[in-house]
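K.L.:
Sequence first, then the predicted structure, then my questions.
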Amino acid sequence: MGEVLIKKDTMTIEDLAKQVEELKKRVEAIKPGAEERVSIIVFSGELDKVLAAFIIATGATAMGMEAVMFFTFWGTPVLRDPKKRVNGKDLMGKMFGFMLPKGRNAIKLSKMNMAGMGTAMMKSLMKKKNVASLDEMLEMAAELGVKIYVCEMSMSLMGFKREELIDYPNLEYVGVATFLEQAKNSKVQLFI
Amino acid sequence: MGEVLIKKDTMTIEDLAKQVEELKKRVEAIKPGAEERVSIIVFSGELDKVLAAFIIATGATAMGMEAVMFFTFWGTPVLRDPKKRVNGKDLMGKMFGFMLPKGRNAIKLSKMNMAGMGTAMMKSLMKKKNVASLDEMLEMAAELGVKIYVCEMSMSLMGFKREELIDYPNLEYVGVATFLEQAKNSKVQLFI
Amino acid sequence: MGEVLIKKDTMTIEDLAKQVEELKKRVEAIKPGAEERVSIIVFSGELDKVLAAFIIATGATAMGMEAVMFFTFWGTPVLRDPKKRVNGKDLMGKMFGFMLPKGRNAIKLSKMNMAGMGTAMMKSLMKKKNVASLDEMLEMAAELGVKIYVCEMSMSLMGFKREELIDYPNLEYVGVATFLEQAKNSKVQLFI
């Protein structure tokens, strides 16, 4: 039977083997698609933008995606724990420590802050409308497994010590290369 | 003839079938590449940034890509229609309605606004240099099929009602999940 | 032997050929993954954000990726060479030329500028902590082959002439379409 098929068909095993070989090469040449992951650079550190970053990150994990948040520059002080005290900072470190917000409850809106009134208004409004506060967001993020990367260079530049940052289950100190390695294979990357 | 080939060749149909099976698995494991789509989060709501968002969105559609703009936070008031009046807002809604810009012609530059002078200067300059105004951009976007998503949470937070937003053919009210669903399969995602 | 195999096996060459045909179609339908490239829109033009853009771009090239930076709106004046003089500008061009920063050493932090004190403090701190300055970043970017695209529309809008921009080996004047063409096939896109 096989012989008959081969005869009436012009296709031989050799032909087929060649086609399979060719297909293999084509499949090997296919650039891999990205992972189901959202990678967010949290640069600005203002209340509205940090909230947006957390809403996207937790939203993504709720959809079954991974989420990585890279806190850098003005985003770094958002992760300070106001209850933690550290000693042994140099003058610059002390100055930055004093001038930069002491954690997520000290940051302001990027617009309409109006000497704090706008920020307070927004917070009370969020409560009324059942929008999660930054505290709740962070808790949710921890539970959902959102990864927090802290930029080592920013820590050094601003004179922050690891002991003054919040306790968070999935927090790592990394350089930009580690973040980029994650980001480049993510489906979504955002600079916020 | 077939038999001869099989004999002189070390490759049998079984071997080949195995290879094809393996190839199938590899093809199945390939993560799909992204769609020809640009997904933009319009967060900041300043004239220059909103213009940039529309230039990218319309530029993308002109290249044959899809474009989705997700208006959220300060981007939401940009879509207000200054000619539309609504009643029945609570106090907070009235306050926000009063403080936030009434539509795209009331927004300012993020820099060099200089009490409105910089913004006016930029607008007159754009006219002179044949750069489309925001009004023209919006018209173009509608014609080119740019989709506008409005963030439901922002609408609720700022007390906006759907009746006070502009008429636009492709406007939908969505949550962050719907946007992320589009964004994650897009070739380009931007947070503006 | 081949014949025997064909007989005892239910798989015929025809069956196999069909499967290979099907596989080919599936492979053809696979959307290609993105290139190893980072595409950054440098929109804001503030010292901290421009630094972040260069850190990411040079970091990406150090990892073996390509990097393209598209300087537009407030990002454009960052590329002015303060030592170059041009004539023949119209009134608007002269005004913009006067008001916008004259190159990368004239830009300020987006926050905590404090009449220039914060910016100066950050610069001295960067030196102390061995973080590359913008001058060094630009040199490094040139060496690593980071491409700089300058937005033609912004040049025209701000009345800049090509003769007043810095000398950079990989600098091109392009429209948004050229940038999008690169960005859409990049693994990472950011709006900074």
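P.N.:
Perfect, I can see it now.

K.L.:
What ranges in chain A fall below the confidence cut-off?
P.N.:
A:1-10 (pLDDT under 70).

K.L.:
In it, spot the strand with the most residues.
P.N.:
Across chain A, the longest stretch assigned as strand under DSSP state E is strand A:35-42.

K.L.:
Report the buried residues of that one.
P.N.:
Within strand A:35-42, the residues that count as buried by 16 or more other Cβ atoms under 10 Å in any protein chain shown are A:Arg37, A:Val38, A:Ser39, A:Ile40, A:Ile41, A:Val42. The C-beta positions use only the backbone N, C-alpha and C, and glycine is treated the same way.

K.L.:
filter those by proximity to chain B?
P.N.:
A:Val38 (Cβ under 8 Å from any Cβ of the partner chain).

K.L.:
Save the buried residues of strand A:35-42 as a markdown table, and put in distance to chain C too.
P.N.:
Shown next, in a markdown table, are the buried residues of strand A:35-42 (distance: Cβ to the nearest Cβ, whole Å):
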| residue | distance to chain C |
| --- | --- |
| A:Arg37 | 12 |
| A:Val38 | 13 |
| A:Ser39 | 8 |
| A:Ile40 | 11 |
| A:Ile41 | 7 |
| A:Val42 | 12 |
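
K.L.:
any idea which of the buried residues of strand A:35-42 is the one closest to C:Val176?
P.N.:
A:Ile41 (22.5 Å; Cβ to Cβ).

K.L.:
one step back: can I have the next helix or strand after the longest strand of chain A written out in CSV, keeping just the CAs?
P.N.:
The element immediately downstream of strand A:35-42 (helix or strand, assigned by DSSP states H and E) is helix A:47-62. Output in CSV follows, covering the C-alpha atoms of helix A:47-62 (Å, rounded to 0.1, in the frame of the first residue of the first chain):
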residue,chain,number,x,y,z
LEU,A,47,1.0,60.4,44.4
ASP,A,48,-1.1,60.2,41.2
LYS,A,49,1.6,58.6,39.1
VAL,A,50,2.6,56.1,41.8
LEU,A,51,-1.1,55.2,42.2
ALA,A,52,-1.4,54.7,38.4
ALA,A,53,1.7,52.5,38.5
PHE,A,54,0.2,50.3,41.3
ILE,A,55,-3.2,50.2,39.6
ILE,A,56,-1.6,48.9,36.4
ALA,A,57,0.8,46.4,38.2
THR,A,58,-1.9,44.9,40.4
GLY,A,59,-4.4,44.9,37.5
ALA,A,60,-1.9,43.0,35.4
THR,A,61,-1.3,40.4,38.1
ALA,A,62,-5.1,40.0,38.6
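
K.L.:
so what does helix A:47-62 touch, helix or strand wise?
P.N.:
strand A:35-42, strand A:66-71, helix A:117-128, helix A:134-144, strand A:186-191, helix B:176-184 (3 or more Cβ pairs under 8 Å, 6 or more residues apart in numbering or on different chains; DSSP states H and E).

K.L.:
at 7 Å instead, please
P.N.:
strand A:35-42, strand A:66-71, helix A:134-144, helix B:176-184 (3 or more Cβ pairs under 7 Å, 6 or more residues apart in numbering or on different chains; DSSP states H and E).

K.L.:
Could you see whether chain B lies near the third one?
P.N.:
The one in question is helix A:134-144. No: remark: helix A:134-144 sits outside contact range of chain B, by Cβ under 7 Å from any Cβ of the partner chain, the gap being at least 12.5 Å.

K.L.:
quick one: that helix to chain centroid distance?
P.N.:
13 Å (Cα atoms, centre = their mean, to the nearest Å).

K.L.:
What are the buried residues along that helix?
P.N.:
For helix A:134-144, burial by neighbour count (16+ other Cβ under 10 Å) applies to A:Leu134, A:Met137, A:Leu138, A:Met140, A:Ala141, A:Ala142, A:Leu144.

K.L.:
need the residues of chain A near chain B, please.
P.N.:
Neighbours of chain B within chain A, by Cβ under 7 Å from any Cβ: A:2-3, A:6-7, A:12-14, A:16-17, A:20, A:23-24, A:27, A:30, A:32-34, A:48, A:52, A:55-56, A:59-60, A:63, A:65, A:111-112, A:125-126, A:129, A:131, A:187-192.

K.L.:
just to revisit the earlier point, what pairs with the longest strand of chain A, parallel or antiparallel?
P.N.:
strand A:66-71 (parallel), strand A:186-191 (parallel) (DSSP bridges).

K.L.:
So what touches the last one?
P.N.:
Counting contacts by Cβ atoms under 7 Å, 6 or more residues apart in numbering or on different chains, the residues outside strand A:186-191 that touch it are A:34-41, A:43, A:56, A:183, B:183-184, B:189, B:191, C:188-192.

K.L.:
give the contact list for the spatially most central residue of chain A.
P.N.:
Closest residue to the average C-alpha location of chain A: A:Met69 at 2.1 Å, with Cα atoms, centre = their mean. If you count contacts by Cβ under 7 Å, 6+ apart, A:Met69 has them with A:Ile40, A:Val42, A:Ala53, A:Ala57, A:Val146, A:Ile148, A:Tyr149.
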